[in-house]
Every structure is written in C-alpha cells, then in structure tokens.
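>>> Next comes the sequence, and after it the predicted model I'd like to discuss.
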Amino acid sequence: MATELRKVTPDGKEAGTISVSETVFDIAPNIHVMHQAVRRELANARQGSACTKTRAEVRGGGRKPWKQKGTGRARAGSIRSPLWVGGGVIFGPKPRDYSFNLPKRVRRLALRCTLSSVKEKIRVVESFTFLKEAKTKVVAAFLNSLFTPEQKSAKRPPKVLILADYKNPENTNLLLSARNIQGVKISLPHNLSVRDLLDSDWVITTQQAIDEINERYADHG
C-alpha cells in the first residue's frame with residue numbers, strides 16, 4: 001500500500017504527486033513516542049557545562065578573619081564561607097551529561113509518526129539542478145511561491161526545512177544559495193530530526209531524499 005506526497009516545479013507550481021510507503025507517511029501518531037524523541041534531542045544538545053565553585057575551590061580564605069572571641073562579631077573561620085560575598089556556592093551546578101538514549105526501534109517509530117503528522121506540509125522537487133549558480137534570490141523566490149498570504153504577511157518568516165543531499169553534484173549550489181535565508185534550515189536525509197520536522201512550516205525534499213527515507217524507515221514486516 002502507498003500514500004502520496006505533492007510534487008512542485010522550480011517555480012512553485014503543482015506537478016502531480018508521488019507514491020510513498022504508507023508505513024512511513026501514513027501511520028497513526030504516537031504522541032508519547034514523539035515527545036520522548038524530542039526530549040532526547042533537546043537533552044542531547046545541552047552542553048551541561050555550568051559550573052560553580054564550592055568553598056574549597058574559591059581562592060583565598062585560608063586565614064581566620066578575626067579571633068574567635070572578644071570582638072562582638074559573629075564567629076567566622078573563612079572569608080570564603082558561602083554566607084559571605086565572594087564565597088563558595090552551596091549545592092551549585094557542576095558539569096554533567098544530560099543526554100539519554102532511546103532504543104533504535106523507538107527512534108524509528110518516532111520519525112515515522114512525525115513524517116505521517118507533517119506530510120501535508122511536505123513538498124517534493126525533482127532536484128535542485130535549476131540552481132545553475134549560487135543565487136539566493138532564486139531559492140527565495142521558489143520558497144516564496146509556496147507560502148500562503150498569511151505566512152507572507154506574518155511578522156516571523158516561515159520556517160522551512162530542506163531535506164537534500166547538498167553534497168551531491170546536482171545540488172551543489174543549494175547550500176550556498178539557501179544558508180543565509182532567515183528561517184531556512186538545510187539537513188541531510190539521514191539526519192532527520194523529529195524536532196526540526198515538527199517545528200517547520202514547510203518541508204522541502206528532493207526525490208532522492210524521499211527515496212532514501214522510504215528505504216531507510218519503511219516497515220517491511
């Protein structure tokens with residue numbers, strides 16, 4: 001069985017449909033699995049480099065600031081006590097790894113659920129060979145032809161995810177032409193991200209990228 005995605009021409013006009021596997025693009029969304037996948041991507045992107053110093057790590061404070069008794073002041077053993085300005089931090093953050101993993105089957109299911117959820121905003125172009133040279137205005141005009149009037153008049157430019165093998169000779173000018181357009185992200189097909197798919201207003205893919213996704217994620221039973 002198969003479902004269909006819409007094709008477009010380089011000038012943004014409808015060019016029919018292509019058949020894709022319904023085990024990838026037409027399954028019931030599993031919200032919990034998709035949520036777990038997004039949490040994993042966000043957690044794995046965290047640096048976890050926040051670091052504070054304890055009283056043992058702050059420079060100075062080796063000498064008792066005043067004698068124990070007779071001054072009328074509170075007892076103090078170090079100017080680097082957490083109670084003092086410039087002192088150590090109690091229970092402050094230390095470098096840590098926030099990342100966690102999900103089973104491969106769960107990650108693949110999350111991507112299939114997401115692709116099924118966003119298939120209405122996916123448009124397929126044969127390739128980007130129409131970019132004879134690195135021209136940003138050509139890609140901008142192509143994308144603008146897809147936007148709805150509401151998206152064109154919005155304060156925020158629409159977010160567009162382009163899935164294409166920009167290392168392929170036929171797409172050689174894509175990266176240079178589109179990388180400085182606001183709201184556009186270019187990704188390789190094998191680097192699919194649940195978060196990027198959900199966060200995009202439009203997903204533009206090449207025929208080669210769709211074939212690769214079909215082959216990689218189709219459930220062959």
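All right, it came through fine.

>>> And the strands in the protein?
Along the chain, the segments classed as strands by DSSP state E run 2-8, 14-21, 122-125, 160-163, 184-187, 202-206.

>>> Go through the ones you listed and name the closest to R75.
Minimum separation from R75 across the strands of the chain (C-beta to C-beta) falls at strand 184-187, 58.9 Å. Glycine gets a C-beta too; all of them are placed from N, C-alpha and C.

>>> From the contact counts, what lies against that closest one?
For strand 184-187, the helices and strands in contact under the criterion 3 or more C-beta pairs under 8 Å, 6 or more residues apart in numbering; DSSP states H and E are strand 160-163, helix 174-178.

>>> of the ones you listed, which approaches R80 most closely?
Nearest to R80 among the helices and strands packed on strand 184-187 is strand 160-163; the distance by C-beta to C-beta comes to 50.3 Å.

>>> Run through who's touching the closest one.
Counting contacts by C-beta atoms under 8 Å, 6 or more residues apart in numbering, the residues outside strand 160-163 that touch it are 143, 174, 178, 181, 183-189, 192, 196-197, 199-206, 209, 213.

>>> List buried residues within these.
With burial judged by 16 or more other C-beta atoms under 10 Å, the buried subset of the contacts of strand 160-163 is 143, 174, 178, 181, 184-187, 189, 192, 196-197, 200-206, 209, 213.

>>> before we move on, back to that, could you identify which of the helices and strands packed on strand 184-187 is most buried?
Stretch with highest mean neighbour count among these: strand 160-163 (a mean of 25; mean count of other C-beta atoms under 10 Å).

>>> Pull up the pairing partners for that one, direction included.
According to DSSP bridges, strand 160-163 forms sheet pairs with strand 184-187 (parallel), strand 202-206 (parallel).

>>> out of the ones you listed, which comes closest to I27?
Closest approach to I27 among the strands paired with strand 160-163 is made by strand 202-206 (17.1 Å; C-beta to C-beta).

>>> Need the contact partners of that closest one.
118, 121-128, 143, 146-147, 158-165, 171, 189, 197, 213.

>>> report the angle between the axes of it and strand 2-8?
Counting by axes from the mean of the first three to the mean of the last three C-alpha atoms, to 10 degrees, strand 202-206 lies at 90 degrees to strand 2-8.

>>> Quick check: chain neighbours aside, which residue is closest to the residue nearest to the spatial centre of the chain?
Central residue of the chain (C-alpha atoms, centre = their mean): D196, 4.5 Å from the mean position. Excluding its sequence neighbours, the residue lying closest to D196 (C-beta to C-beta, 6 or more residues apart in numbering) is L161, at 5.3 Å.
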